[in-house]
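[1] fold the following and give me the result.
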Amino acid sequence: MAAGYAAGAPGKNKRILALFDVDGTLTEPRKVVSPETVSYLQSLREKICIGVVGGSDLAKQKEQLGDSPNQFDFCFSENGLLAYKDGAKIGETSIVQHLGEEKLKKLVNWVLKYFSELDIPVKRGTFVEFRQGMLNLSPIGRNCSREERNEFEKFDLANNIRKTMVAKMKEEFADYNMTYSIGGQISFDVFPTGWDKTYCLRYLPEADFDEIHFFGDKTFEGGNDFEIYTHPRTKGHSIDDANPLTTLKKLEELFGVPAPKALTPPSSH
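    The predicted structure follows:
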C-alpha cells in the first residue's frame with residue numbers, strides 16, 4: 001500500500017471530486033484493494049480530488065484500503081459519521097446521542113428475539129454489530145466463513161430473509177424515523193433517516209465543488225448507495241457488475257487516466 005497519494009499536484013482540479021463506495025467499487029466484497037487500483041487512484045488524485053464513503057467503521061475500511069484517511073482527500077467511514085479531510089478528523093457523530101439508551105435497548109431486544117425465532121440453515125455469531133452511527137444486523141452472524149456467507153446470500157435471494165425482516169422492523173419502529181439499508185451479502189444497516197451516504201455531503205460545501213461524481217454498486221432503491229447515487233448534488237455512476245476494474249474503466253472515460261488491463265486477484269480476510 002502506498003504511503004499516500006499526491007494530495008496537491010500542480011494543475012490538479014480541486015473543484016471536481018470522484019467519490020467512491022468501497023465494496024464492489026474499489027474492492028471485491030470484503031477483500032483488499034488491488035495494487036493496480038492503488039496506483040490508479042494515485043494518478044487520478046494528481047488530476048482531481050478523490051474521496052471514499054463506506055458504511056463500515058474505519059478499522060474495517062483500513063483493512064481493505066490501507067491508511068484511507070491519508071490515501072484520499074476526503075475519507076468518510078460509517079457513511080460520513082466519522083469524517084476526515086487531508087488526513088485530519090473534521091467530524092464525528094453517534095447514534096446513542098441521537099436515539100438515547102432506552103429506545104436503542106428496545107430495538108436491540110426486538111432484533112435478538114426475532115433472530116432467535118428465525119429458522120435459517122446456518123447461524124454463527126455477531127448478529128448485532130454496534131457502530132458509531134448505525135446497527136449492522138446479520139441473520140446468519142458476521143462470524144460466518146466466506147463459503148457460508150456466499151451460501152446465505154443465495155438463500156436470502158431465494159427467501160427474502162432480510163427484506164422480510166426490514167418490512168417488520170419498519171412496522172414495529174415506525175415512530176423511530178429510521179432507514180433500513182440492505183448492503184453486502186449477509187446483513188443490513190439500520191440508522192436514523194438522513195444518515196445514509198448523503199450525510200457526508202455536509203462536509204463537501206456546494207461552493208467548493210463544480211462536480212461530485214459518485215461511484216457505487218448498490219445503486220438500486222433499498223441499496224446502500226441509492227440515496228447518494230440519486231442525490232441532486234452528485235453525478236451517479238453505477239458499477240452494476242461490482243467489479244473494481246469497471247470502476248477504473250469508467251474513470252478512464254471521464255478523466256482520461258488510462259485504466260489497467262487487469263487487476264491482481266485479491267487476497268481475502
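[2] use CA for all of it now, contacts and neighbours both
    Noted.
[3] where exactly do the strands run in the protein?
    Remark: strands assigned in the chain by DSSP state E are 13-20, 48-53, 74-77, 82-85, 88-92, 128-130, 135-137, 178-183, 187-192, 211-216, 235-238.
[4] pipe the ones you listed into JSON lines and attach mean pLDDT, distance to Tyr229 and mean neighbour count per row.
    As requested, these are exported to JSON lines (pLDDT from 0 to 100; distance: least, C-alpha to C-alpha, whole Å; neighbours: other C-alpha atoms under 10 Å):
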{"stretch": "strand 13-20", "mean pLDDT": "98", "distance to Tyr229": "10", "mean neighbour count": "20"}
{"stretch": "strand 48-53", "mean pLDDT": "99", "distance to Tyr229": "12", "mean neighbour count": "24"}
{"stretch": "strand 74-77", "mean pLDDT": "98", "distance to Tyr229": "16", "mean neighbour count": "29"}
{"stretch": "strand 82-85", "mean pLDDT": "97", "distance to Tyr229": "19", "mean neighbour count": "21"}
{"stretch": "strand 88-92", "mean pLDDT": "97", "distance to Tyr229": "22", "mean neighbour count": "13"}
{"stretch": "strand 128-130", "mean pLDDT": "95", "distance to Tyr229": "26", "mean neighbour count": "16"}
{"stretch": "strand 135-137", "mean pLDDT": "96", "distance to Tyr229": "21", "mean neighbour count": "22"}
{"stretch": "strand 178-183", "mean pLDDT": "90", "distance to Tyr229": "14", "mean neighbour count": "20"}
{"stretch": "strand 187-192", "mean pLDDT": "94", "distance to Tyr229": "17", "mean neighbour count": "20"}
{"stretch": "strand 211-216", "mean pLDDT": "99", "distance to Tyr229": "6", "mean neighbour count": "23"}
{"stretch": "strand 235-238", "mean pLDDT": "99", "distance to Tyr229": "5", "mean neighbour count": "18"}
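[5] go through the ones you listed and name the closest to Glu153.
    strand 187-192 (9.4 Å; C-alpha to C-alpha).
[6] what pLDDT does Pro266 get?
    pLDDT recorded at Pro266 is 75.
[7] also Glu171?
    At Glu171, the predicted lDDT confidence score is 98.
[8] gap between it and Gly125?
    For Glu171, the distance to Gly125 (C-alpha to C-alpha, to the nearest Å) stands at 26 Å.
[9] and if you look at His237?
    When C-alpha to C-alpha is applied, the distance between His237 and Gly125 equals 35 Å.
[10] now do Glu28
    Distance, Glu28 to Gly125, by C-alpha to C-alpha: 23 Å.
[11] who has more neighbours, those two?
    Per other C-alpha atoms under 10 Å, whichever of Glu28 and Gly125 has more neighbours is Glu28, with 21 against 12.
[12] show the contacting residues for the more buried one.
    Contact partners of Glu28, counting by C-alpha atoms under 8 Å, 6 or more residues apart in numbering, are 242-244, 266.
[13] are any of the residues you listed buried, and which?
    Among those, those buried by neighbour count (16 or more other C-alpha atoms under 10 Å) are 242-244.
[14] correct me, but Pro266 touches Glu36?
    No: proximity of Pro266 to Glu36 does not meet the contact threshold set by C-alpha atoms under 8 Å, at 10.8 Å.
[15] what touches both of those two?
    By C-alpha under 8 Å, 6+ apart, Pro266 and Glu36 have no common neighbours.
[16] contacts only, for the spatially most central residue of the chain.
    Residue closest to the average C-alpha location in the chain (C-alpha atoms, centre = their mean): Gly54, at 2.7 Å. Going by C-alpha under 8 Å, 6+ apart, Gly54 touches 21-22, 61, 76-80, 197.
[17] go with 7 Å
    By C-alpha atoms under 7 Å, 6 or more residues apart in numbering, the contact list for Gly54 reads 21-22, 76-79.
[18] pLDDT wise, what is it at?
    Note on Gly54: pLDDT of 95.
[19] do the one 4 residues further on as well
    Residue-level confidence at Leu58 comes out at 95, pLDDT.
[20] I'd say it and Ser77 touch.
    Yes: if you go by C-alpha atoms under 7 Å, Leu58 and Ser77 touch, sitting 5.4 Å apart.
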